[in-house]
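S.K.: Model the following, please.
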Amino acid sequence: MTADRSMSFDTPQPAKLRIGLPCGRITVTAEETAVTRIELTAPNGDPNARDWIEQAEILQLGDEIVVRGPKLRFSLFNIWGGSIEATVNAPLGSDAALAIGAGRVETIGRLAVVRANTGAGNVHIAECAEAHAHSGAGNIDIAAVTGSVEAKTGAGKVRIGKVGANADITTAAGKTRIEEIVGAARMKTAHGDIEIGAAGDSLDAFTSSGSIRVTRADHGYVRARTVSGGVSVGVANGVAAHLDLSTVSGRVRSELEASGAPTDGEQRIELVLSTVSGNVSVARAA
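M.R.: Residues are numbered from 1 along each chain as shown. Just a heads-up that it's a prediction; the model follows:
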């Protein structure tokens, strides 16, 4: 489909993008290029969407490239079926601040700092140096972050690959999973399971209704608490563990062998695991 509007800017260095749409889709692709290209399209040909695109500003302000349009009453815009697609190609390592009232935000390729916000819709971020992702109702999927990540959704799943520093994850209702984290993780959900593949320096996890599972932990501490659900942690071989395990209505099980206090220099971990209704288990990680 031919773009309703398109513009290009010379950006020999990584760009700083600020893109805002009322509804539809934002896609940013980072690639080997010295030009930032922006295309705005009304895929359904809706007159309201075309009017918005016509009135939108696409400009370079200092070191920022900005897309912004007239403010609309979203309810009226939505009833009329307006939808806009913003397609952006920018240099590798660019920053991106992306906001949409309702719709999907997606990045492809390696970016620097990504800030993605949607009132209702999914967020998919590929590789980046730092991520801040918010959705009122929608899933958040982040492939890899070399630095820290902060993600929040009212209703939806959060899935993150490797995190090179810290993570702060909050959901009201939805499952949360991090494959691997190096630094500290804080994970909280009202209703949903929490999963960590490989824990980092520390983990503070809470869910009122759901299970908490850590496949492998080998240093620092894990503090995990749930009201209704089980808690399980796998401790790496050769790591000494200090255990504080409790449940009100359930069973506590540890497969770790009893031993004396670890010597200086011996790798150790502290586990504080509790649930009101559910089982608590600790085992050696596979």
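S.K.: list the contacts for Val145?
M.R.: Glu127, Cys128, Ala129, Glu130, Ala131, Ile160, Gly161, Lys162, Val163, Gly164, Ala165 (CB atoms under 8 Å, 6 or more residues apart in numbering). Yep, even glycine has a C-beta here, placed from its N, CA and C like the rest.
S.K.: Secondary structure of the second one: a strand, I assume?
M.R.: Yes. Assignment of Cys128 by DSSP: H, G, I helix; E, B strand; the rest coil places it within a strand.
S.K.: so it makes contact with Gly109?
M.R.: No. In this structure Cys128 lies outside contact range of Gly109 using CB atoms under 8 Å: 9.4 Å.
S.K.: Those two: which has the busier surroundings?
M.R.: Cys128 (27 against 18; other CB atoms under 10 Å).
S.K.: in the sheet, who's paired with the more buried one?
M.R.: Leu111, Val145 (DSSP bridges).
S.K.: check contacts around it.
M.R.: Thr107, Arg110, Leu111, Ala112, Val113, Val114, Ile142, Ala144, Val145, Thr146.
S.K.: ok, those vs Arg177, which is closest?
M.R.: Nearest to Arg177, judged by CB to CB, of those is Ile142 at 10.9 Å.
S.K.: Tell me how many other residues crowd that closest one.
M.R.: 26.
S.K.: ok, Ala86 - contacts?
M.R.: Contact partners of Ala86, counting by CB under 8 Å, 6+ apart, are Ile19, Leu21, Gly24, Arg25, Ile26, Thr27, Ile38, Glu39, Leu40, Val67.
S.K.: Can you pull the phi/psi pair for the spatially most central residue of the chain?
M.R.: Centroid check for the chain by CA atoms, centre = their mean gives Ala151 as the closest residue, at 4.4 Å. Backbone torsions for Ala151, taken as degrees, to the nearest 10, come to phi -140, psi 140.
S.K.: Would you mind confirming that it is in contact with Asp141?
M.R.: No. Contact criterion CB under 8 Å: Ala151 and Asp141 do not qualify, at 9.7 Å.
S.K.: Overlap of the contact sets of these two?
M.R.: Contact criterion CB under 8 Å, 6+ apart; residues shared by Ala151 and Asp141: Val158, Ile160.
S.K.: and Arg50, what helix or strand is that in?
M.R.: Per DSSP states H and E, Arg50 falls inside helix 47-55.
S.K.: Ala97 pairs with what?
M.R.: Arg18, Arg115.
S.K.: which residues touch the closest residue to Glu32 other than its chain neighbours?
M.R.: Nearest residue to Glu32 in three dimensions, chain neighbours excluded: Leu92, at 6.3 Å (CB to CB, 6 or more residues apart in numbering). By CB under 8 Å, 6+ apart, Leu92 lies in contact with Pro14, Ala30, Glu31, Glu32, Gly109, Arg110, Leu111.
S.K.: Which of those residues fall within helices?
M.R.: Nothing among these maps onto helices, per DSSP state H.
S.K.: could you dump the residues you listed to a markdown table with pLDDT?
M.R.: A markdown table is the format used below for these (pLDDT from 0 to 100):
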| residue | pLDDT |
| --- | --- |
| Pro14 | 97 |
| Ala30 | 98 |
| Glu31 | 98 |
| Glu32 | 97 |
| Gly109 | 98 |
| Arg110 | 98 |
| Leu111 | 98 |
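S.K.: what does the host helix or strand of Lys162 rub up against?
M.R.: Lys162 belongs to strand 158-163 when assigned by DSSP H and E. Strand 158-163 has contacts (CB under 8 Å, 6+ apart) with 139-145, 148-149, 151, 167, 169, 171, 174-183, 185, 200.
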